[in-house]
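Undergrad: Show me how the following folds:
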Amino acid sequence: ERQLVESGGGLAQAGGSLRLSCAASGFDFDDYAFGWFRQAPGKEREAVGCLSRSDGSTSYGDSVKGRFTISSDDAKNTVYLQMNSLKPEDTAVYYCNAETVGNDYWGQGTQVTVSS
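TA: You can find the predicted model right below:
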């Protein structure tokens, strides 16, 4: 069974940092692109960034560019989202996504709350 489990969310102050983890089980890790999305109350789900396992390239949404970094640990089949210089507008539920041709998987989400 393929499963994505996020962890690392919580409460942070503006200007602080958090690191989210996404443990991927049951996946052929190299066959998937992994992404992070977020959804704030009353707003649509927004793409935060993604990591291509085929070439290691990353891309980020404009609102987080320069502050957030996606990385992975092959040995642990885990994808990370390092979030620095957090802002109150980063408050949202953060979701991990794994995508390959014809398949799309989501984690259950982890809450991130940034206080001003």
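
Undergrad: which residues of the chain score low on pLDDT?
TA: The model of the chain has no residue with pLDDT under 70.

Undergrad: Next, give phi and psi for the residue nearest the centre of it.
TA: Centroid-nearest residue in the chain, with C-alpha atoms, centre = their mean: residue 36, separated by 3.0 Å. Dihedral pair for residue 36: phi -120, psi 140, per degrees, to the nearest 10.

Undergrad: do the same with residue 29
TA: Phi and psi for residue 29, reported as degrees, to the nearest 10, are phi -50, psi -40.

Undergrad: check contacts around it.
TA: Under the criterion of C-beta atoms under 8 Å, 6 or more residues apart in numbering, the neighbours of residue 29 are 53, 72, 74, 77. The way it works is simple: take the backbone N, C-alpha and C, and place the C-beta from them, glycine included.

Undergrad: Could you pull up the residues touching the nearest residue to residue 22 once chain neighbours are set aside?
TA: Sequence neighbours aside, residue 96 is the residue nearest to residue 22 in space, at 3.5 Å (criterion: C-beta to C-beta, 6 or more residues apart in numbering). The neighbours of residue 96, taking C-beta under 8 Å, 6+ apart as the test, are 4, 6, 20, 22, 24, 34-36, 79, 106-107.
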